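Colleague: Here is my input, please return the structure:
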Amino acid sequence: MSRLDSFIRRMQAQRDLLDATPALIEGVEGPILELGLGNGRTYDHLRWRHPEREIFVFERQPAAHPSCVPDADHLIVGDIRDTLPRALERLPGPAALVHNDIGTGDPAINVEIAAWLADVLPRIMQHRAVIVSDQPLEHALLERLPLPGTLPAERYFLYRRL
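Modeller: Predicted coordinates for the structure are as follows:
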């Protein structure tokens, strides 16, 4: 498979999962967390899918399209290892949904980041909250959910906070 085809499949999987999130978090109170702003495409999609929710974005160095950058109250800038553990100081409450898309091109770094996130995220999430992640996350408080049938296995990961 070409890199272009791989990218397209990843974007389709990401969109399909984000489109499923309104039903997945129905009845779960709290904001949405976007880990990694990038170009702002998924942040923009989350705004469209969840117009009634506050979305807080964590980004080390924002460089998104100006129309896809949250206001200063909803953009948390800095290294995620510093900003995420203190998130509840800034959020209106524990999160209902987390979209994690901060994987790197380095598999060893991804494993390290995923292990760290798996430990931190349950502490800042509501019971029954959902994580959509580009990396597998293993934690006793995270239940892996099946992906919709249209998605290739191991392309994206879906979890519910127990």
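
Colleague: packing partners for the longest helix seen in the chain?
Modeller: Counting by DSSP state H, the longest helix found in the chain is helix 3-24. Counting contacts by 3 or more C-beta pairs under 8 Å, 6 or more residues apart in numbering; DSSP states H and E, helix 3-24 packs against helix 41-49, strand 95-100, strand 125-133, strand 157-161. Quick note: C-beta positions are derived from backbone N, CA and C, even for glycine.

Colleague: That helix to strand 125-133, inter-axis angle?
Modeller: Using axes from the mean of the first three to the mean of the last three C-alpha atoms, to 10 degrees, the direction of helix 3-24 lies 160 degrees away from that of strand 125-133.

Colleague: Show me which residues of helix 3-24 are buried.
Modeller: Ala13, Gln14, Leu17, Leu18, Ala20, Thr21, Leu24 (16 or more other C-beta atoms under 10 Å).

Colleague: So what touches that helix?
Modeller: By C-beta atoms under 8 Å, 6 or more residues apart in numbering, the residues outside helix 3-24 that reach it are 1, 42, 45-46, 49-50, 97, 99, 101, 130, 132, 134, 147-148, 150-152, 155-156, 158, 160.

Colleague: Looking at the buried residues of helix 3-24, which one is closest to Leu91?
Modeller: Nearest to Leu91 among the buried residues of helix 3-24, counting by C-beta to C-beta, is Thr21 at 17.8 Å.

Colleague: what separates the closest one from His50, distance-wise?
Modeller: 7 Å (C-beta to C-beta, to the nearest Å).

Colleague: Name the residue closest to the centre of the protein, please.
Modeller: His99 (1.1 Å; C-alpha atoms, centre = their mean).

Colleague: and the gap between that one and Ser2?
Modeller: 26 Å.

Colleague: can you check Pro152 too?
Modeller: If you go by C-beta to C-beta, the gap between Pro152 and Ser2 works out to 15 Å.

Colleague: And these two? Which one has more around it.
Modeller: Pro152 (11 against 7; other C-beta atoms under 10 Å).

Colleague: which ones are touching that one?
Modeller: Arg9, Ala13.

Colleague: what about it, which SS state?
Modeller: State at Pro152, reduced to three classes by DSSP: H, G, I helix; E, B strand; the rest coil: coil.

Colleague: swap in Val57?
Modeller: Applying three-state DSSP: Val57 is strand.
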